[in-house]
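S.K.: Next one to model:
(chains A, B, C and D)
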Protein chains: 2
Amino acid sequence: MRPGVSPDTFPPRGHEAKRLSIVDAAAGVFCREGFAGANIDLIAAEAGVSRQTVYNHHRDKEKLFIAVVRDLTERCNAGIFATIATFPDQPGDLEADLIGFAVRLNQNCICNRDGKFLRKLIQTEGERYPELFAEWREQGPGRTWPAIAARFARLAYGGHLTIDDPDVAARQFLGLVNAELQTTFMLGGTPCEDEVVQSATNGVRTFLRAFGKHPSPAGVKKHTALANA
Amino acid sequence: MRPGVSPDTFPPRGHEAKRLSIVDAAAGVFCREGFAGANIDLIAAEAGVSRQTVYNHHRDKEKLFIAVVRDLTERCNAGIFATIATFPDQPGDLEADLIGFAVRLNQNCICNRDGKFLRKLIQTEGERYPELFAEWREQGPGRTWPAIAARFARLAYGGHLTIDDPDVAARQFLGLVNAELQTTFMLGGTPCEDEVVQSATNGVRTFLRAFGKHPSPAGVKKHTALANA
DNA sequence: ACAAATTTAGACACCCTTGTCCAAATGGTC
DNA sequence: GACCATTTGGACAAGGGTGTCTAAATTTGT
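M.R.: Below is the predicted model:
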């Protein structure tokens, strides 16, 4: 197929590019209209492609849908793991660092296009494709949550936090940090940056009040690095 | 229409009963299939009614959908307020009381049939009917969240909690208490009672570690009622 | 420039769904 | 029993969607 791996960004410029633009357009239409309401003609038009080309790349509507979900899952997971890599291991200002991490997670993985689309498709069609979304559950939360938990465990081991169960703490961290965005998420909206920062700030403060080392009630911050597991 | 307000439970037994069973069946079908995929014939069949009867009660598919959402919103709201009335104002064991409240809220309002259906419809079709779901947002979270916040404010005023912003605390309480149910909710599932209790217990414990009066680090519980705002 | 692969536009058969119409059947009320 | 409203089932037109097929146009690799 390919001559010898072209040095530029897009390998087989024509064919694969169309495949991508089809899956991309399909993601948008499936999200807006739902599986039943999605129209192949519309997907083709938004992809800038003829309807027949859609059928050439994906045998039928269902196959196309599955390709969309797999694609989104893969990209979202990559983004989440990339963000987890920025988790503050040796924090200077723990509160600020955790807020930054939470904001990055939200902006880069949950509120961006892929995250929003994947969430909507899971909510909308999750029950119709049990095995497809079971796969997502394993590859997504099943791998990312423990990864975040491991980071919190490390912070606790380093004496920066007091945590009984890192898995519970990780889930609660996510719950707290998104506490003020629930309604917006429900309705499929995208919270603006201010809202994300606000929710993260409030969430992290509460999280640290529960799991932090309580530097001082007077407001002065001193951090001593001793582990007392 | 009615002869003279029949003394029994169902006023015009035939007509209104059918209206209910139609809306009921429609809720189920709309949730399973989405608006576009929902089939009026199927709704009629599940309601045990002829298709024409569906059109007699609700002019068209969209009107029927709107009736379903309004119906669910109303019933869910009633349930939530009824549960808020059981919020522990003068707690004996604050932790146990808050856990109980959280479990009731989840089991009676969020995990039950109505709650599950309403959530799904909001997620699935929220963007298609902005004004309808804006109404839900005002009547639902817009009224219930402040009501919960007021209860927490009262607990704080009574010296049982230390809370800066009761609104934030209320949202975080809900976020914490549901932290472990997110994935299940996403996929449209219904968590079993054990999961609900577990999530509520972990959530309330963390909540109290952040906002509680820290009775003692040794495990003994003494509660002094003094307000130190 | 040539040959192979891919894309395109259009027409097509097939099926399903919505919403309407109507005549017959049903059910409650006096 | 008679009258009223409601329900029923069936037929119906209109519209829209999926997936297939074909021949012509275009792109791609050599």
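S.K.: can stretch A:51-58 be found next to DNA strand C?
M.R.: Yes - counting by C-beta under 7 Å from any atom of the strand, DNA strand C has neighbours in stretch A:51-58: A:51-53, A:56-57. Every residue, glycine included, has its C-beta placed from N, CA and C.
S.K.: since we're on the residue nearest to residue A:88 when sequence neighbours are not counted, how many residues are nearby?
M.R.: Distance criterion C-beta to C-beta, 6 or more residues apart in numbering or on different chains; nearest residue to residue A:88, sequence neighbours excluded, is residue A:97 at 3.6 Å. Residue A:97 is flanked by 19 other residues according to other C-beta atoms under 10 Å in any protein chain shown.
S.K.: same deal with residue A:167?
M.R.: Residues near residue A:167, counting by other C-beta under 10 Å: 17.
S.K.: ok, now how distant is it from residue B:108?
M.R.: 28 Å (C-beta to C-beta, to the nearest Å).
S.K.: Check residue A:199 too.
M.R.: Residue A:199 is 27 Å from residue B:108, by C-beta to C-beta.
S.K.: can you check residue A:95 too?
M.R.: From residue A:95 to residue B:108 the distance is 37 Å (C-beta to C-beta).
S.K.: where in chain A is pLDDT low?
M.R.: A:1-14, A:214-229 (pLDDT under 70).
S.K.: What parts of it come near chain B?
M.R.: A:32-37, A:119-120, A:122-124, A:126-127, A:133, A:137, A:141, A:165, A:168-169, A:171-172, A:174-176, A:178-180, A:182-183, A:186-188, A:202-203, A:206-207, A:209-211 (C-beta under 8 Å from any C-beta of the partner chain).
S.K.: So which residue is dead centre in chain A?
M.R.: residue A:109 (3.5 Å; C-alpha atoms, centre = their mean).
S.K.: where does that residue fall, helix, sheet strand or coil?
M.R.: Using DSSP: H, G, I helix; E, B strand; the rest coil, the structure places residue A:109 in helix.
S.K.: any chance you could map the helices in chain A?
M.R.: According to DSSP state H, chain A carries its helices in the segments A:15-37, A:40-47, A:51-57, A:61-84, A:94-105, A:113-125, A:130-139, A:141-157, A:166-177, A:182-186, A:193-211.
S.K.: winner for burial among these?
M.R.: helix A:166-177 (a mean of 24; mean count of other C-beta atoms under 10 Å in any protein chain shown).
S.K.: Export that helix to PDB, keeping only CA atoms.
M.R.: Below are the C-alpha coordinates for helix A:166-177, written out as PDB (Å, rounded to 0.1, in the frame of the first residue of the first chain):
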ATOM      1  CA  PRO A 166      -6.100   5.300  47.700                       C
ATOM      2  CA  ASP A 167      -8.700   3.900  45.300                       C
ATOM      3  CA  VAL A 168     -11.500   5.500  47.300                       C
ATOM      4  CA  ALA A 169      -9.500   8.700  47.600                       C
ATOM      5  CA  ALA A 170      -8.900   8.800  43.900                       C
ATOM      6  CA  ARG A 171     -12.600   8.400  43.100                       C
ATOM      7  CA  GLN A 172     -13.600  11.000  45.700                       C
ATOM      8  CA  PHE A 173     -11.000  13.400  44.300                       C
ATOM      9  CA  LEU A 174     -12.600  13.200  40.900                       C
ATOM     10  CA  GLY A 175     -16.100  13.500  42.400                       C
ATOM     11  CA  LEU A 176     -15.100  16.600  44.400                       C
ATOM     12  CA  VAL A 177     -13.300  18.300  41.600                       C
END
